[in-house]
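1. Below: sequence and its predicted model.
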Amino acid sequence: MRSIKLEFGELVTKWRAARKMNQTDLSEVAGVSTRHISFLENGRANPSREMVGIIADSFGLSNREKNALYLSAGYAAKYSETAFDSPALFEVRASLQAFIDQQNPFPISIHNRYWRVVMHNRALAVTLLHFLGAEKFRRAYKDLSMAKLLFDPEGMRPYVKNWSTLARRIVNRMLHEASLTTDPNMQTALNDILNQPDIPKRWARPLEEEEMGILSPIHISDQHYDLRFMFCTTTLNYAEDVTIQELRIESYVPADLDTRMQLERLTNDPELLAIVADQMEVCSCRTFPSR
C-alpha cells in the first residue's frame with residue numbers, strides 16, 4: 001500500500017508545477033517554511049487538515065480538486081457533490097430555470113464539467129432544431145453537447161460562418177479547464193475534439209492572452225436566418241457544492257437589432273415549438289423545461 005503522505009506530496013508537486021511555482025513561491029503563499037513544503041512533498045511530514053486547506057487555497061483549486069487533496073492526505077472530503085437531478089438540488093434547478101427562461105427569445109444553456117448540456121431554454125432548442133432539422137436534432141438531444149455540435153461536420157459547424165476563429169477559442173477554453181483538474185475524463189473529452197482529422201495540431205497549444213480578444217462573436221446563417229451573437233460564459237465559482245460550482249452558463253447575446261427580430265420570429269414558430277416540446281418531454285430527466 002502506498003503512503004498517504006506520499007500521495008499527498010505527489011499531488012502538491014503536481015499542482016506546484018502546474019502553477020509554475022517553486023517551493024519558495026509556495027512557502028511564501030502558504031505562510032510556512034520551504035523546508036516544510038519539501039517535507040510535505042517527499043512524505044517526511046504529515047499534513048494537518050488545516051494545512052491541506054491552506055495548500056489547496058494557495059493553488060486556487062476548485063472544490064473538486066480540494067476534495068481530492070483532502071482525500072489524498074487521509075481526510076474526509078470537505079465539499080459535497082450532489083447529483084444535478086437529485087431532489088436536494090430542486091430549488092437550485094428551479095432558480096436556474098427561471099433565470100434562463102427569462103432570456104427567451106435569446107438562446108442560453110447550462111453545461112457540466114464535461115461540456116454536456118444539463119439545462120437550456122426554449123430559444124436554444126428551437127434554434128438548434130431549425131438548423132439541424134428534426135432527425136439530427138433528436139439524435140443530438142439524447143446527449144446534448146454544444147462543443148460536439150460545433151465540431152461535427154453534420155452538426156452546427158456548416159452554419160457557423162466564423163467557425164475557425166470560434167472553434168479555436170472554444171478549444172483554448174477546454175484546454176484551460178482540463179488543466180485545472182486531475183480528472184482524466186476531461187482530458188479524454190478534450191482529446192476527442194483535438195484528434196479529429198481536420199483540427200490543426202497547433203490548437204493543442206494554449207493561446208496567448210493577447211491572441212484571445214475580449215469578446216467571442218458567433219455568426220450563424222442559412223438561407224432563412226442570419227444570426228449574429230456575442231458568446232458569453234458565466235461561472236458559479238462561489239458555490240460550495242462541487243456539482244454547482246462546475247456548471248457553466250453559456251449565453252448567446254444578439255449582436256444587433258436584426259438578430260433580435262429574427263429570434264422573435266424563429267422562437268415562436270408553432271411547428272418548431274411542438275417538436276421541441278415533445279423532445280423535452282421525452283428527455284425530462286436531463287432538462288427541466290418550463291414555458
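-> Cool, got the structure. Just so you know, these numbers come straight off a predicted model, no measurement behind them.

2. Count the neighbours of residue 101 for me.
-> 16 (other Cβ atoms under 10 Å). For glycine as for every other residue, the C-beta is placed from the backbone atoms N, C-alpha and C.

3. from what I can see it touches residue 124, true?
-> No: using Cβ atoms under 8 Å, residue 101 makes no contact with residue 124, being 11.1 Å away.

4. Could I get the contacting residues of residue 40?
-> Applying Cβ atoms under 8 Å, 6 or more residues apart in numbering, one finds that residue 40 lies in contact with 5, 8-9, 12, 47, 51, 55.

5. Could you tell me which of these are located in helices?
-> 5, 8-9, 12, 51, 55 (DSSP state H).

6. Which member of those residues exhibits the greatest number of neighbouring residues?
-> For those, neighbours were counted using other Cβ under 10 Å, and residue 8 has the most, 27 neighbours in all.

7. in stretch 274-283, what counts as buried?
-> Neighbour counts over stretch 274-283 (16 or more other Cβ atoms under 10 Å) mark 275-276, 279-280 as buried.

8. which among these gets closest to residue 139?
-> Among these, residue 279 lies closest to residue 139 (Cβ to Cβ), at 10.7 Å.

9. Surely the closest one is in contact with residue 139?
-> No: Residue 279 lies out of contact with residue 139 (Cβ under 8 Å); the separation is 10.7 Å.

10. Can you pull the domain assignment for the chain?
-> Per automatic domain parsing, the domain ranges recorded for the chain read 4-72, 87-282.

11. Now tabulate the contacts of residue 40 in CSV and tack on distance to residue 84 and pLDDT.
-> Listed next are those as CSV, based on distance: Cβ to Cβ, whole Å; pLDDT from 0 to 100:
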residue, distance to residue 84, pLDDT
5, 35, 55
8, 29, 94
9, 33, 94
12, 31, 96
47, 32, 94
51, 32, 97
55, 29, 97
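
12. show me where the stretch 1-150 of the chain has strands.
-> Listed in chain order, the strands of the stretch 1-150 of the chain (DSSP state E, counting those that start in this stretch) span 108-111, 117-120.

13. okay if I get the ones you listed as JSON lines plus mean pLDDT?
-> Below are these laid out as JSON lines (pLDDT from 0 to 100):
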{"stretch": "strand 108-111", "mean pLDDT": "95"}
{"stretch": "strand 117-120", "mean pLDDT": "94"}
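
14. neighbours of residue 265, just the number please.
-> Other residues near residue 265 number 11, with proximity taken as other Cβ under 10 Å.

15. Name the helix or strand for it, please.
-> For residue 265, the host element (DSSP states H and E) is helix 257-266.

16. In a helix, residue 218, correct?
-> No: using DSSP: H, G, I helix; E, B strand; the rest coil, the assignment for residue 218 is strand, not a helix.

17. Any idea what it is bridged to?
-> Taking DSSP bridges as the rule, residue 218 bridges to residue 229.

18. Can you give me the pLDDT of the spatially closest residue to residue 12 that is not a sequence neighbour?
-> Nearest residue to residue 12 in three dimensions, chain neighbours excluded: residue 41, at 5.3 Å (Cβ to Cβ, 6 or more residues apart in numbering). Residue 41 is assigned a pLDDT of 94 by the prediction.

19. wait, residue 41 sits on residue 14?
-> No: if you go by Cβ under 8 Å, residue 41 and residue 14 don't touch, sitting 9.9 Å apart.

20. hang on, the earlier thing: closest to residue 265 out of the strands of the stretch 1-150 of the chain?
-> Across those, residue 265 has its closest neighbour in strand 108-111 (18.3 Å, Cβ to Cβ).

21. That closest one pairs with which strands, parallel or anti?
-> Applying DSSP bridges to the sheet, strand 108-111 is found paired with strand 117-120 (antiparallel), strand 248-254 (antiparallel).

22. Let me have the ones you listed in a markdown table, adding mean neighbour count as columns.
-> Below are those laid out as a markdown table (neighbours: other Cβ atoms under 10 Å):
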| stretch | mean neighbour count |
| --- | --- |
| strand 117-120 | 23 |
| strand 248-254 | 19 |
